[in-house]
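> sequence below, structure please.
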Amino acid sequence: MSILLACMNLAYIYYALPESLAPHQIENPPPPQSSLLKYIFAPFLTLTRKGPSRGKVVLLASAIFMYSWTSAFAGKMVTFTSVKGYFSILPRWLLFVIPFVVNTLALLCIFPVLYSLVKRTYGDSEKLGRLLAKSLAQNSILIAAVCSIGIIVFKPRSGPLYAIFFFAYPFSIGALPALYSLAASYFDALGRSAELGALFGALSIWVAWGEFFSYAYLGDYDSSLDYRVQWTAFYLVISLLLLIPNGPPTQSTEATTGRSEEDV
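Modelled structure (predicted):
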């Protein structure tokens, strides 16, 4: 009897717990082979893929790349001013601290407060978000361009005028985050929201490349600033001009246009 009960228990375990059996070897299909060149050229292909508004995406990416060429100028300007002994009334360490404090206040306090005020006044929409991003990018680059041109015109020995442009330049810190946000709005309008990770990765590589050339060119500490500030102003103006064209229409704009056509 006990043998019969044992056999019944084994049969029940066999039936109720099939996972206790040795697993079957399931042959998984091999993953699809991707070309290595696809990954090497991904930063370029992500931004130049055929489709609507490809030219506008390329123009924006070019503006970001041109702006990244000026990345080292802020540090170069501070170092040059400190080494040459301008603003002798201030300690040298304070010349490095003040731009950092201005950058931090602008990113963490000034820009968020402005955004919340505009959002509270005009509401929140995709069109407004792009408008804010583009406005912040253009105004930040404009501040940097005006300051660099002012430094060319008013030499460091001019005193107060040079100080105005020197301490105003850090307020251009919002340009790069705004440009990234603007690029994201372009991809969202084109129905490519799933590719935002690839977009940011591609842009970060282009920005890193531009920063490399910027620091390689402006990395010295004792040469004249004039020639370098002229090139910085040139890159900033070109970046500003590349931002003039409007991007692809937002979904809210298309919906409004569709409703107006239906009403007609």
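> the residue most central in space within the chain and W69: what is the separation?
Centroid-nearest residue in the chain, with Cα atoms, centre = their mean: Y180, separated by 3.0 Å. Remark: distance between Y180 and W69 (Cβ to Cβ, to the nearest Å) = 17 Å. All C-beta atoms are positioned from the backbone trio N, CA, C, and that covers glycine.
> and the residue nearest to L190 when sequence neighbours are not counted, which of the three is it?
Closest residue to L190 apart from its sequence neighbours, by Cβ to Cβ, 6 or more residues apart in numbering: P248 at 5.5 Å. In three-state terms, and counting by DSSP: H, G, I helix; E, B strand; the rest coil, P248 is coil.
> I'd guessed P248 sits against Y186; true?
Yes: P248 is in contact with Y186 according to Cβ atoms under 8 Å; the separation is 5.9 Å.
> common neighbours of those two, please.
Both P248 and Y186 are contacted by S53, K56, under the criterion Cβ atoms under 8 Å, 6 or more residues apart in numbering.
> so where's the chain uncertain?
1-39, 156-158, 218-227, 251-264 (pLDDT under 70).
> one more time with 50
Applying pLDDT under 50 to the chain flags residues 1-2, 4-6, 10, 12-14, 16-26, 222, 253-264.
> and the lengthiest helix in the chain, what does it pack onto?
As assigned by DSSP state H, the longest helix anywhere in the chain is helix 126-153. If contacts are counted by 3 or more Cβ pairs under 8 Å, 6 or more residues apart in numbering; DSSP states H and E, helix 126-153 sits against helix 111-122, helix 160-168, helix 175-189, helix 226-242, helix 251-263.
> if you set the cut-off to 6 Å instead, what comes out?
The contact analysis (3 or more Cβ pairs under 6 Å, 6 or more residues apart in numbering; DSSP states H and E) places helix 126-153 against helix 160-168, helix 175-189, helix 226-242.
> buried residues, that helix. List them.
By neighbour count with 16 or more other Cβ atoms under 10 Å, helix 126-153 contains the buried residues 127, 129-134, 136-151.
> do the same with stretch 69-88
Buried positions in stretch 69-88, judged by neighbour count with 16+ other Cβ under 10 Å: 69-74, 76-82, 86-87.
> alpha carbons of that stretch, as PDB, please.
What follows is stretch 69-88, C-alpha atoms only, in PDB (Å, rounded to 0.1, in the frame of the first residue of the first chain):
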ATOM      1  CA  TRP A  69      34.100  75.800 -30.000                       C
ATOM      2  CA  THR A  70      33.800  78.700 -27.500                       C
ATOM      3  CA  SER A  71      33.600  76.500 -24.400                       C
ATOM      4  CA  ALA A  72      37.100  77.300 -23.200                       C
ATOM      5  CA  PHE A  73      36.900  81.100 -23.600                       C
ATOM      6  CA  ALA A  74      35.300  81.800 -20.300                       C
ATOM      7  CA  GLY A  75      38.100  80.100 -18.400                       C
ATOM      8  CA  LYS A  76      40.700  81.600 -20.700                       C
ATOM      9  CA  MET A  77      39.300  85.100 -20.100                       C
ATOM     10  CA  VAL A  78      39.400  84.600 -16.300                       C
ATOM     11  CA  THR A  79      43.000  83.200 -16.400                       C
ATOM     12  CA  PHE A  80      44.200  86.000 -18.700                       C
ATOM     13  CA  THR A  81      42.700  88.700 -16.500                       C
ATOM     14  CA  SER A  82      44.200  87.100 -13.400                       C
ATOM     15  CA  VAL A  83      47.700  86.600 -14.900                       C
ATOM     16  CA  LYS A  84      47.800  90.200 -16.300                       C
ATOM     17  CA  GLY A  85      46.900  91.600 -12.900                       C
ATOM     18  CA  TYR A  86      43.700  93.400 -14.000                       C
ATOM     19  CA  PHE A  87      41.200  94.200 -11.200                       C
ATOM     20  CA  SER A  88      44.100  94.300  -8.800                       C
END
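> now that stretch, how far from the centre of its chain.
What separates the centre of stretch 69-88 from the centre of its chain is 24 Å, taken as Cα atoms, centre = their mean, to the nearest Å.
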